[in-house]
Structures are given as C-alpha cells and as structure tokens.
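1. With the input below, show me the fold.
(chains A and B)
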There are 2 protein chains.
Amino acid sequence: MAILLKGAEVTAALNEKIARKASELAAAGVTPTLAIVRVGERADDVAYERGATKRCAAVGVAVKNYLLPETVTEEKLISTIEEINRDASIHGVLLFRPLPKHLNDERVRAALAPEKDVDGITDGSLAGVFAGTNTGFPPCTPAACMEILKYYKVPLKGRKAVVVGRSLVVGKPVAMMLLSQHATVTVCHTRTADMPAVCREAEVLVVAAGKPKVVDETYLSEGQIVIDVGINMGDDGKLCGDVNFDAAEPIVAAITPVPGGVGTVTTSVLAAHVVTAACRAAGVDEAL
Amino acid sequence: MAILLKGAEVTAALNEKIARKASELAAAGVTPTLAIVRVGERADDVAYERGATKRCAAVGVAVKNYLLPETVTEEKLISTIEEINRDASIHGVLLFRPLPKHLNDERVRAALAPEKDVDGITDGSLAGVFAGTNTGFPPCTPAACMEILKYYKVPLKGRKAVVVGRSLVVGKPVAMMLLSQHATVTVCHTRTADMPAVCREAEVLVVAAGKPKVVDETYLSEGQIVIDVGINMGDDGKLCGDVNFDAAEPIVAAITPVPGGVGTVTTSVLAAHVVTAACRAAGVDEAL
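-> You can find the predicted model right below:
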C-alpha cells in the first residue's frame, strides 16, 4: 500500500505562500501579472489556459490574454512579445507551443525577455536550469515534480534518482534540478539497454516517458518514491499516467496519482514563477 | 593490459581535417581567426595560450591576442569583447577565466556573441549543449572527451556511461553530450552514496573529479573504457590524472593516459571550433 503523493496538498500549501507574497506585492503597489499568449484554438491549450487563469485569480495574480489567429505572421507574434517585454506591468509570459509550422520556434523564443520567461523556454532559462543559477525560470512541469518531492520531504541528497525521458521540457531539466539537490542522477530513454533494471535501482523514480502505463512492476522495487509525469488517455477512456498505477501501488513506498498528481501542481508553479518575477522586478525578497 | 587511448592520434586525425577545412576557407578569402583575451599573467593561462597558439598556427588558424592588465576595469574588458564581436575578421574568442574578483563574470560572459563563443561560456552555448542544438559551442574539454570516444569508435548507444563530477565546464556538458549520443548517463559527485559501486557499473567512465588519483581499483571493473579528464601534480612531482593509472591499467579495457590524453586534444577542439565558427559566418558547409 503506497502512500499517495497527492498534488492537491502540495498546491494548497504552495498557493498559501504565493497569495501571501502577492498581497505583500499588492501592498507595495505591484499586481503580479501573467500574459498568456495563445496562437490558435487548440483544445489542450484552451483547457490549460482556463485552469491557469482560475489558479492565478485565486492567488492574486492577474492574467492578460493575447489571442492571435492560427494564421498570424511571425512578425506580428514577435512584435506582440516585444510589446509585452516593454510593458513593465507584466511580469511573466506563458506562450503555448508547439507553434503552427509557419512560425520559427527559435526566433520566437529568442524574442522573449528571459526575466519574464516563467515557463523556461528561452536560452537564458535553459542555461539557468543547466547551470543551476537564477537566470530565468525552469519549465513548470519539472519544477512541479521538485515541489512535490520538497513538500513530502523526500530526501534527495546522495540518493539514486532515475529519470525516464530526456525531453527539454521535463527529463533534462528535472535531471538538472535533482542534481542541484545533490542526488546521483541517471537519465534513461528509449535507447537504454534493459531500462527495467536501471529503474529498479532508483530510490526516486521520475517518469516522463510519454507513453501510457509503460512502467510496470518489472521497473519497480520496494521503497521507491515514484513521480509520474505522464497524462494519457487510457484504452478504457480514463486518464492514466506513464506508470501502471495498479501494478506499482502494491510495490513502491509512494507514488503520485494520475490525475491528481504532478499536473495539479503545474499551474501553481506557474503562478509562483510570476510572483517571483514580480519580486525580482520590484526588488522585493523573492523567497516564498 | 589496457589499451591506451592516446590523445596524439586523435589530435593528428582531427588536425588534418581542420587544416583541410581551413585551406578551403582560405581559398574563399577567409582566414579563420581566434581572439585570445587574457586578463593578467597567470602561469596556467600563459602556458595554455602558448599551446593553443602553436596548435592554431599548425592548422591554419590565425590568433589575435588581447592582453589586459590584472587591474583592467569591467567596462574596458566588456568594450574589448564588444569590439571583437563587431570585428568580422574574428570568428572565435577564448577568454581565460576565472576573472579577477573585481570583474563580474556573468556580465562579462553576457557581452560575448554566442556565435563566437568557441569555449562554451555564454548562456547561448550552455543552452545549446543542454538542448543538444548548434547554438554556440560546447566547452573544449568535454568536446575533447567526445572526440576521443569517437576516434576510438567506442560505442555509446544504449550503454551505461557514468560521469564523475558535475561542473559546468566538464561534468554537466559531457553528460549532455553522452546523452545526445544515446548513452544512459549517470552523474555522480561528492555527495553520491557509494560512488565506487556506481562507477563499477559503468561501461564508459568519464572522470572529472578534480582530485589526484581519487579513482582507484575499487571504482573499476573489467571491460570499462575510462576517460580521465584530471591533470594534477602528484606527490611525486609528476603529472597525474584523477584516476590512479597504475591501479586502473590492469583492470580496464582502455584508458586515456595523463599526460597525453584529454589535455592533448583540447586545443585541437578549440581550433576546430574556430574553423566551424568561420564556416558558419561564411555560409560554408561546416562538416569537418
């Protein structure tokens, strides 16, 4: 019987801290503000935007929406971002990606000011998470994994952490963040030989494989802490993670549920990053 | 009896390719040129500069020296870098660090154009090595490790690579470069529990611990390929690596000697980066 690492508890604690810091900023005349830049009407983006807007409202973070048609020119999108860069009343930017194919992702990312890059997409933020410095922000999903581990007081120093997946949005940044917490970190991926054996050695296992239920009992061992980053639609029409929960639950010490795990925490992290960006811009202590 | 992975062979093969590309550029009216920016007279820097200058001369890369006094102001150093950025006849910059303490490392690094950053110190280069893209260049030392593995045709795909050390100049970038070659990569460091056991599991072991002979027979197992990045002065007054060579040699399959290993290859990689930067600037195919 594994302990459930529920996102809701992490989020509740984090939201309280964010709201406190936001009201501290409000007292200083600053409303922490997030710009959401969305190109087109992709259903996933619209749903995430709705969740993020609701979350931000609850903790005192204002949201300004920039909706651009699917057919927007690169020039128009970049000039919108530059306008946001110049707007001192906006502290953070969430830009939905992937962008439509006629837009150059690299040029668009490069237009964003790293200090407003609250979802870790600029070279400045990537360098920051790689170097372990405060340049920009890490992407929200790996930061949410770290918040869960922190909230549940999972020791990391000197322990074996294994990350499944090497994407730039989850696997690589979470590996760097675990390393900065002094874990011994292994990154495995589709080319890894005998991945189950590698994963069984983990004390902390972060799974961002992008495939439903791919991690089963052969990957797991007793006492492990498992963070499941996946959100997939299972064959049964229900949401499921990248870990086969029913197989894992009797074996491991603790695991995040899907839904109700990492995904729950992501928008709180986004709001926290906006508040931190506002603190940095206003010269206010950023510690939440 | 381990095979010796001698740097000289790697360098000879690489130099030939660099010289060929440099003469291709020369025929197009471009002399690939490296600016070496040195603040003060630190003996290590002077020695490395001498080696780099000699190496560059041998392969058709010009060197332009910018020597600044130990007491140089940050403004002067930054304006020198900006002058180099604007100078289209210069393709790459080597800036010796650490800088004297009165100079802000972050501001100085940020002044350098990433496309001329042939030793991987800018945020652009760090983001590039983290993301596995061609933005900027990786630092020369981890790139030298990869050149050795490539020259000696050490298979990496799906194999277990362990990196000892997590610095931004060697450990982290080499981990990312091994990952991009599809190795399963573990990074360990001073806080790692039972580092010998972790290292024994490696098929490829890259040691950048920064301590003389710290990796002994307890860290090693049969069949391993060992890349020793360390260059230290041993108790006996002789240069030695981070691996105890005499202990390793009877156990592992292959190992780089110190001296004569990774260090030998670094300046060739530097020259190669300058030639690549010149190709990119001139719109010439950069493949060596």
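2. how distant is the stretch of helix or strand A:V163 belongs to from the center of its chain?
-> Using DSSP states H and E, A:V163 sits in strand A:160-164. In terms of Cα atoms, centre = their mean, to the nearest Å, the centre of strand A:160-164 is set 17 Å apart from its chain centre.
3. do the same with stretch A:159-173
-> 12 Å.
4. C-alpha coordinates for that stretch, CSV please?
-> Provided in CSV are the C-alpha atoms of stretch A:159-173 (Å, rounded to 0.1, in the frame of the first residue of the first chain):
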residue,chain,number,x,y,z
ARG,A,159,20.3,9.2,-3.2
LYS,A,160,19.8,7.5,-6.5
ALA,A,161,17.4,9.3,-8.8
VAL,A,162,16.5,7.9,-12.2
VAL,A,163,14.7,10.0,-14.8
VAL,A,164,12.9,8.2,-17.6
GLY,A,165,12.8,10.6,-20.6
ARG,A,166,15.2,13.2,-21.9
SER,A,167,13.0,15.9,-23.3
LEU,A,168,13.8,19.6,-22.9
VAL,A,169,10.5,20.2,-21.1
VAL,A,170,10.7,17.5,-18.5
GLY,A,171,13.5,14.9,-18.5
LYS,A,172,16.6,17.0,-18.9
PRO,A,173,15.5,19.9,-16.6
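5. Show residues contacting that stretch.
-> Identification of contacts with stretch A:159-173 by Cβ atoms under 8 Å, 6 or more residues apart in numbering or on different chains yields A:120, A:126, A:129, A:138-139, A:141-142, A:145, A:174-175, A:178, A:183-189, A:195, A:198-199, A:201-210, A:215, A:229, A:242, B:130-131, B:176, B:179, B:193, B:198. All C-beta atoms are positioned from the backbone trio N, CA, C, and that covers glycine.
6. quick one: average confidence on it?
-> In this model, stretch A:159-173 has an average pLDDT of 97.
7. And for stretch A:198-218?
-> 97.
8. just the buried members of the contacts of stretch A:159-173?
-> A:120, A:126, A:129, A:138-139, A:141-142, A:145, A:174-175, A:178, A:183-189, A:195, A:198-199, A:202-210, A:215, A:229, A:242, B:130-131, B:176, B:179, B:198 (16 or more other Cβ atoms under 10 Å in any protein chain shown).
9. which ones among the residues you listed are found in strands?
-> A:184-188, A:204-207 (DSSP state E).
10. who does the lowest-mean-pLDDT helix or strand in chain A touch, helix- and strand-wise?
-> Taking mean pLDDT, DSSP states H and E as the measure, the helix or strand of chain A with the lowest value is strand A:232-233, at a mean of 93. Counting contacts by 3 or more Cβ pairs under 8 Å, 6 or more residues apart in numbering or on different chains; DSSP states H and E, strand A:232-233 packs against strand A:239-240.
11. Figure out how far the strand it packs on is from the centre of its chain.
-> 18 Å.
12. Strand partners (parallel or antiparallel) of that strand?
-> strand A:232-233 (antiparallel) (DSSP bridges).
13. Chain A against chain B: which residues are in contact?
-> For chain A, the residues in contact with chain B (Cβ under 8 Å from any Cβ of the partner chain) are A:122-124, A:126-131, A:135, A:157-160, A:166, A:168, A:172, A:175-176, A:179, A:182, A:184-189, A:191-193, A:198.
14. Could I get the contacting residues of the nearest residue to A:Y152 once chain neighbours are set aside?
-> Residue nearest to A:Y152 in three dimensions, not counting chain neighbours: A:L5, with 5.5 Å by Cβ to Cβ, 6 or more residues apart in numbering or on different chains. By Cβ under 8 Å, 6+ apart, the contact set of A:L5 is A:148, A:152, A:225, A:227, A:254-257, A:261.
15. now A:L5: how far from A:T11?
-> A:L5 is 12 Å from A:T11, where distance means Cβ to Cβ, to the nearest Å.
16. do A:T53 as well
-> Applying Cβ to Cβ to A:T53 and A:T11 gives a distance of 15 Å.
17. quick one, which of the two is more surrounded?
-> A:T11 (23 against 17; other Cβ atoms under 10 Å in any protein chain shown).
18. Now the contacts of A:L5 in CSV, please, with extra columns for neighbour count, secondary structure and pLDDT.
-> Shown next, in CSV, are the contacts of A:L5 (neighbours: other Cβ atoms under 10 Å in any protein chain shown; DSSP: H, G, I helix; E, B strand; the rest coil; pLDDT from 0 to 100):
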residue, neighbour count, secondary structure, pLDDT
A:I148, 24, helix, 98
A:Y152, 16, coil, 98
A:I225, 25, strand, 98
A:I227, 28, strand, 98
A:A254, 17, strand, 98
A:I255, 25, strand, 98
A:T256, 30, coil, 98
A:P257, 21, coil, 98
A:G261, 28, coil, 98
